[in-house]
Every structure is written in C-alpha cells, then in structure tokens.
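[1] Based on what follows, work out the 3D shape:
(2 chains)
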Amino acid sequence: DAGVIQSPRHEVTEMGQEVTLRCKPISGHNSLFWYRQTMMRGLELLIYFNNNVPIDDSGMPEDRFSAKMPNASFSTLKIQPSEPRDSAVYFCASSLAGAEQFFGPGTRLTVL
Amino acid sequence: AQSVTQLDSHVSVSEGTPVLLRCNYSSSYSPSLFWYVQHPNKGLQLLLKYTSAATLVKGINGFEAEFKKSETSFHLTKPSAHMSDAAEYFCVVSRTSGGYNKLIFGAGTRLAVHP
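    You can find the predicted model right below:
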C-alpha cells in the first residue's frame, strides 16, 4: 500500500499566482480531509469529504480557497490568488468509515 | 466543547531515560483520544488511541498512555527513550460534528533526545 500520496512536496510561488495541491487517498477509503499546519495556528481542518461530497468546509479560510474531489481517488486544493500568509504545510488524510486517519507527507507551500 | 492542552511545548531527555509528555483534555462526555507523532518533514502517524475500553493503552514503538478521568489527563509515556523518538507529538481529541469524527489537535510537544 502506497499510503496517501500528495504532490508536489514543495511549492514556491509568488503572491497572486494560482496554486493547486493534489492528493491521492488510500484505495478503498471513503473519507478525505485537508489540513493546514502553521506555527501560529497549529493543525487545522480545512475541509472534509465523504464519498466525494464535501461535508464540512467550515475551516476553509476564505473564498480564495477551493477544494474538489472529482472521484474517489483524487482531490485538489486550490488557492487563487495566493498570498504570503497562505505559506504553510498542507496535509491530506484519508480514512475508512470514520476510523483512523492516515496522513500524507504534506506539501510545503511558500508564497513570496 | 472538546479540546486538548499539551502542557509542555518542548521536552528534552537523555537516551535511555523515561519519556513523559503531558496532555489534559476537556470534554462534555467520554472522549476518544489519540496521540500522533510527526517526524521532521513527514506526515503524522498514529501512535495509539483510547476509545473507552482499557484505560491503559499500548501503542507502537513502546509508547503507552493512561486515560485518567479524575484528572482529565491522557499522558504519553515510554520507559526508555531512543534517538529515533525525537519528533513532535500531538495529543488529539475526537469530536462528533455533522455526523463525523472531527479531530481537534493540541499545539504539539517537541521531544528532543540527547545521547
């Protein structure tokens, strides 16, 4: 099992640019979570999908952030336009029916 | 509302000595509690979880935690630290919200292990 796969692992971009983060959950898992980790705020849940449907997006900071899950094996988190305060590590996690969440290695985003 | 407080932001021990990472929780009902570990530049890995069965929970890599309701604590321990234990550790409580179990993370404790 390859685990949760995230790409890219590192992203450096300039303010105002569009950023797309990608996640492939563990095969067979039906729940997917996007988290953001910063020094100031720690780990925060951004959005939760169940069976490809967004269930809880109350953690999405603002309209510049959007997430999609077009099928059971792929999800994206997009930031448009990006700002320096979006710099963080973004984690994707997946689980089966509310059991243990398995985390990906994260994407370190730096917005200059 | 459910929350967790990790009492130490940094803990430093010598290799071979015991490890104690402290966590207090707040919950209006019997909580589900977890400890996750994050090694540098890696994702989070589940160490152990408590879900109202045995109060002493054994996890991976020799770690264990004891649920103490009277003290609202869920401290993580290991008898003998190894250099590879150096990492950040998160105490987590699960909150049922909108039909799913939402994880609420503590601020983390960074464990340093010295030779």
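
[2] Counting neighbours, what do you get for the closest residue to B:Pro18 other than its chain neighbours?
    Closest residue to B:Pro18 apart from its sequence neighbours, by C-beta to C-beta, 6 or more residues apart in numbering or on different chains: B:Pro79 at 5.7 Å. Quick note: C-beta positions are derived from backbone N, CA and C, even for glycine. The number of residues packed near B:Pro79 is 11, by other C-beta atoms under 10 Å in any protein chain shown.

[3] which ones are touching residue 89?
    This is for chain A. A:Val89 is in contact with A:36-38, A:106-109, counting by C-beta atoms under 8 Å, 6 or more residues apart in numbering or on different chains.

[4] that's the wrong chain, I wanted chain B
    B:6, B:21, B:35-38, B:47, B:76, B:108-111.

[5] Sort out for me which of the residues you listed are in strands.
    If you go by DSSP state E, the contacts of B:Tyr89 have B:6, B:21, B:35-38, B:47, B:76, B:109-111 in strands.

[6] thinking again about what came up before, quick one: buried ones out of the contacts of A:Val89?
    Those of the contacts of A:Val89 that meet the buried threshold are A:36-37, A:106-109, by 16 or more other C-beta atoms under 10 Å in any protein chain shown.

[7] Roughly how far does B:Lys68 sit from B:Asp8?
    17 Å (C-beta to C-beta, to the nearest Å).

[8] Which one's more surrounded, the two?
    Using other C-beta under 10 Å as the criterion, B:Lys68 and B:Asp8 rank with B:Asp8 on top: 16 against 12.

[9] How many neighbouring residues does B:Pro31 have?
    With other C-beta under 10 Å as criterion, B:Pro31 counts 24.

[10] same question but for B:Leu48, I mixed them up
    Using other C-beta under 10 Å: B:Leu48 sits among 19 other residues.

[11] how about the residues of chain A near chain B?
    A:4, A:31, A:42-45, A:48, A:50, A:55-56, A:91, A:93, A:98, A:100-101, A:103-106 (C-beta under 8 Å from any C-beta of the partner chain).

[12] quick one: is stretch B:100-107 near chain A?
    Yes - under the criterion of C-beta under 8 Å from any C-beta, chain A is reached by stretch B:100-107 at B:100-103, B:105-107.

[13] need the strands for the chain, in chain order.
    Reading this off chain A. A:5-7, A:10-13, A:19-24, A:31-38, A:42-50, A:53-56, A:65-71, A:74-79, A:88-95, A:102-103, A:107-111.

[14] Let me rephrase: I mean chain B.
    Using DSSP E, strands in chain B cover B:3-6, B:10-14, B:19-21, B:23-26, B:32-38, B:44-50, B:56-58, B:64-68, B:73-78, B:87-97, B:100-105, B:109-114.

[15] Comparing those, which comes out most buried?
    Looking across these with neighbours counted as mean count of other C-beta atoms under 10 Å in any protein chain shown, the highest average goes to strand B:32-38: a mean of 23.

[16] In the chain, where is pLDDT below threshold?
    I went with chain A, as the question did not name one. A:1 (pLDDT under 70).

[17] meant chain B, my bad for not saying
    In chain B, residues with pLDDT under 70: B:97-99.

[18] What parts of it come near chain A?
    Checking chain B against chain A by C-beta under 8 Å from any C-beta, the hits are B:36, B:41-46, B:49, B:90, B:97-103, B:105-108.
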